[in-house]
Each structure stands twice: as structure tokens, then as C-alpha cells.
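> Turn this into a model:
(chains A and B)
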Amino acid sequence: MSSLSRLLHRTFSTSKTPPQPNPNTIQSLSTALYKERNLRTLVDKFKSSCDNDRFRTKTGIYVSTVRRLASAKKFPWIKEILEHQKHYTHDISKEGFTVRLISLYGKSGMFEQAHKVFDEMPELKCDRTVKSFNALLGACVNSKKFHKVDELFRELQEKLGVKPDVISYNTVIKAFCEMGKLEEAVLMVDEMEKNELKPDLITFNILLHGFYGKGQFVDGDKVWAKMENSNVVPDIRSYNAKLVGLVCENKMAEAVELVGGLGSKGVQPDVHCYNALIRGYCKDGNLEEVKRWYGEWEKYDCAPDRATFATLIPFLCEKGELDWAFELCKGIIHRRRLVDGAMLQLVIDGLVKESRIEDAKKLAEMGKSNNYTCYKVEVPSQD
DNA sequence: GCTGACGGGG
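This next block holds a predicted model:
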């Protein structure tokens, strides 16, 4: 047990230290080759680990491995490890396992492959129920083939004789919202009700996100009213959908009021609320309010995260608030999940522009020792 | 256990 976990951790952990980054071309080429070799090793280790029955139950490792390969655009390797799964005839005949493959292909944007697995299910001796039907719809959405979703939904219902459930409808509604076809999304709700399926919290959240996100408050409020009439209790995501809409429309006073009122509704504000407000004030160019809200973190049950800094740091650089940006970077640079190399480079460039070469070098040095790949200090010429 | 549905920036 523990030896398997240790092996898994050693092999598939993402916290492996990359080699020393270097802006020099030859060096960065060798870094790229190193990464490539590393990923190839990962693929081989993954495939051989699959022979272990317990390994194949580790959904999380499948997800993180495929995600790493997808972000490196190694799509043939994704195909290699997922097609390899078909050797495990006992597993592949279980719908849950095959659904996993379909959904992993979908998350990698490989809809064609997802569809192929779905089509092969009969010959893989695997039953197809509404579960794999939904997995395929979801893969279609995740691959951003939104226009295909509705067609697939109609076509497969007939072909397979499956009866769609709430999840099927929610997936199609999501696709319509993504395409901005909000009226059609609402028509789908009518259709599901006709088929005696009740829209649930997720249905409403998808719609709220669609309408409010496009600044359509009147229709968004209609969805909200329908949600309440259906005795569906809004959660933090429902409120955040509205909040994002308010922030997009620069309605900051209403946005603040909304967040302030959450407590009395028994809803705990989360990091998305704060980021939305900070984003709004950055968009407004309102440094005072950005400062004020940033300081509010500790009063609540959340901490600034990657999205916070991704909003805040470019804003501070633009405003010439290099002191604050510099301090923030120094504080979070050892936590890679919070800040990326592009953010550091922004601050370094800002410092250089103010002729604070020593500070720029210091930050670049810190970046280097924390294995960031982006840390160039280009000293402007003196003339 | 066997994950099919809702989030944020560039």
C-alpha cells in the first residue's frame, strides 16, 4: 500500500524540480528537450503502471497526467496512454471506466477520439446508458464544439433509445449559454420540464452565469425569480454569477452591496467574490478601493490566490505602484501556485523603467532561485 | 470509491 503510494508520488508528482532555467537560446532548447524527455518518461511509466490493478482505480493520476500532456500539447501521447487502456478488457467493459476515457479525451479537446471510444463501446462489450451519453455530451462541451452538442443530443437519443436526465439537459444548456444563444437555453428548460425533469441548482447557475455574464440583468433576474419559485436555494455560485455581471457593467456600488448582504442570507463569501470586486476596481482604475479591499482578506475566510495576483500585479505596474508590487512578489515568489513568470517579469520591467536596477536584479535573482523561467533584466542604455 | 453537469486573468 504505502510502497505503491510512494512510487506513485515519486513518478507522478508535479513538484519535480526542473533544471536551471536560462534565457539563453541553447540553454532554453536544452530545457525544452529535458522537459520533453521527462514527459516521455512519464508516459512510459504511466503505461507500465497501468498493469497494476490498483493503479487503474486512481482517477486523479489519470486526470493530472493527461492534463500535463495536454498543456504541453502532446496529444499523440494522450492518445497513446488512453488507447492503451483498451488492453484491460475487464475494466473497459465497465461503463465507469470507459466514461473516464471519454471525459479525459474531452478535457484534452480531443472530441473525435472521445466519440470514437463511445462508438466502440459495443465491441468493447460495454453497455451504454445515459451515463456515457452524458460523458460524450460533456466531452463535446469541454472540447468547445458547442454547436455540435444539440445535434448530438437529438441524434443519440433516437439511435440509442436513451432517456436524457437532468445532467444531459444541463450539459446542452451550458453549450447554448457558451454560444450566447440564451433564448434557446431557456427553451431547453421548458423542454426538460415537459419531460417531467425538474431544473436544479446547477441548471439555474448555468443560466444565471449566461445571462448576468452578458449584462442581461432583466432576464437574469427572471431566471432568479424562477429559481426561487421552484424552491431551489441559491448558493455562492448563484450570487457570484450576478456579481460578475455587476462588475462587468461597472456597477460597483451594487456589487459591494451584494457581497455585504451575503452574510445575512447565510452564504459565506468566497475568494471569487473578492476577486470579482478587486477586478472591478482595477477596471475602474480605483487604486484606493483596490487597496482597501485587498486588506479585507483577513477578515473573511479566504486568502488571495493566483487569480488575485494575476489581476493585481499588472494593475499595480500600470499605476506605477512598484513598491507594493515588489513587496507582493517577494512575499509569494516561493509559492509557484500563486504567481507565474510573466507576472514577475512585469514587475522587473517596471522596476527597470524606474531605474531601480538593483531591485530588479534582486527580484530576478529570487525568481531564478525559485526556478522561474522568466527573469530577464534588460538594463536600458544610458544615452 | 470507480468523477457524466456550474467559476475566476492573460
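> any idea how far the residue nearest to A:Val247 when sequence neighbours are not counted lies from A:Ala303?
Nearest non-adjacent residue to A:Val247, counting by C-beta to C-beta, 6 or more residues apart in numbering: A:Gly280, 3.8 Å away. Where you see a C-beta, it was placed from the backbone N, CA and C, and this is true even at glycine. Counting by C-beta to C-beta, to the nearest Å, the gap from A:Gly280 to A:Ala303 is 19 Å.
> try A:Asn275
From A:Asn275 across to A:Ala303, the span is 11 Å (C-beta to C-beta).
> Tell me which of the two has more neighbours.
Shown here are A:Asn275 and A:Ala303; by other C-beta atoms under 10 Å, A:Asn275 has more neighbours (25 against 11).
> quick one: pLDDT of the more buried one?
On the pLDDT scale, A:Asn275 is placed at 93.
> Equivalent analysis for the one 5 residues further on, please.
Note on A:Gly280: pLDDT of 95.
> do A:Ala342 as well
Confidence at A:Ala342, expressed as pLDDT, is 88.
> What strand or helix carries it?
Element membership for A:Ala342, per DSSP states H and E: helix A:341-353.
> Mind listing residues that contact that helix?
By C-beta atoms under 8 Å, 6 or more residues apart in numbering, the surrounding residues in contact with helix A:341-353 are A:309-310, A:313-314, A:317, A:320, A:322, A:325-326, A:329, A:333, A:357, A:359-360, A:363-364, A:367, A:372-380.
> where exactly do the helices run in the stretch 51-200 of chain A?
According to DSSP state H, counting those that start in this stretch, the stretch 51-200 of chain A carries its helices in the segments A:59-71, A:75-84, A:89-92, A:95-107, A:111-120, A:130-142, A:146-160, A:166-178, A:182-194.
> Could you report the neighbour count for the residue lying closest to A:Met227 once chain neighbours are set aside?
Once flanking residues are discounted, A:Met227 sits nearest to A:Phe204: 4.2 Å by C-beta to C-beta, 6+ apart. Neighbourhood size, A:Phe204 [other C-beta under 10 Å]: 25.
> where does A:Phe204 fall, helix, sheet strand or coil?
helix (DSSP: H, G, I helix; E, B strand; the rest coil).
> Contacts only, for it.
With contacts defined as C-beta under 8 Å, 6+ apart, A:Phe204 is in contact with A:Val223, A:Trp224, A:Lys226, A:Met227, A:Ser230, A:Val232, A:Pro234, A:Ser238.
> Please pick the buried ones from those.
A:Val223, A:Trp224, A:Lys226, A:Met227, A:Val232, A:Pro234, A:Ser238 (16 or more other C-beta atoms under 10 Å).
> quick revisit: who's in contact with the residue nearest to A:Val247?
Taking C-beta under 8 Å, 6+ apart, we find A:Gly280 in contact with A:Leu246, A:Val247, A:Asn250, A:Met252, A:Ala255.
> I figured A:Leu316 hits A:Glu327, correct?
No: using C-beta atoms under 8 Å, A:Leu316 is not in contact with A:Glu327, being 9.9 Å away.
> Who has more neighbours out of those two?
More crowded of A:Leu316 and A:Glu327, by other C-beta under 10 Å: A:Leu316, with 26 against 12.
> Kindly provide the distance from the more buried one to DNA strand B.
14 Å (C-beta to the nearest atom of the strand, to the nearest Å).
> what element comes up after the helix or strand containing A:Glu254 heading to the C-terminus?
A:Glu254 belongs to helix A:252-260 when assigned by DSSP H and E. Next along the chain after helix A:252-260, taking DSSP H and E as the criterion, comes helix A:271-284.
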